[in-house]
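> My questions concern the predicted model and sequence given below.
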Amino acid sequence: RPGDYVAIMAYVDPSDAHEEALDELRTAIRDRYRVATTVGFGPRFLHSTGQLHKGG
């Protein structure tokens, strides 16, 4: 639906290997489902990015 997106919040240790794998996953989801995607390492506490992922 218009406005939908997929957010991948990976609760793993940040590393180049994890970043590369997550970006490949994000790109595959974007291309397959034609939706906006975002990826990042899970926050240490929800408030830092929580509002974005709660809907605004």
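Done, it's in.
> What ranges in this structure fall below the confidence cut-off?
In the predicted model of the chain, residues 43-56 satisfy pLDDT under 70.
> in it, which spans are helices?
16-33, 50-54 (DSSP state H).
> from the ones you listed, which stretch is densest packed?
With neighbours taken as mean count of other Cβ atoms under 10 Å, these reach their highest mean count in helix 16-33, at a mean of 12. C-beta coordinates here come from the backbone N, C-alpha and C atoms, glycine included.
> Show which residues not belonging to that helix make contact with it.
6, 8, 10, 12, 35, 36, 37, 38, 39, 41 (Cβ atoms under 8 Å, 6 or more residues apart in numbering).
> Mind checking which of those are buried?
For the contacts of helix 16-33, a neighbour count by 16 or more other Cβ atoms under 10 Å gives the buried set as 37, 39, 41.
> would a markdown table of the residues you listed with distance to residue 19 be doable?
Shown next, in a markdown table, are the buried ones among the contacts of helix 16-33 (distance: Cβ to Cβ, whole Å):
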| residue | distance to residue 19 |
| --- | --- |
| 37 | 14 |
| 39 | 9 |
| 41 | 8 |
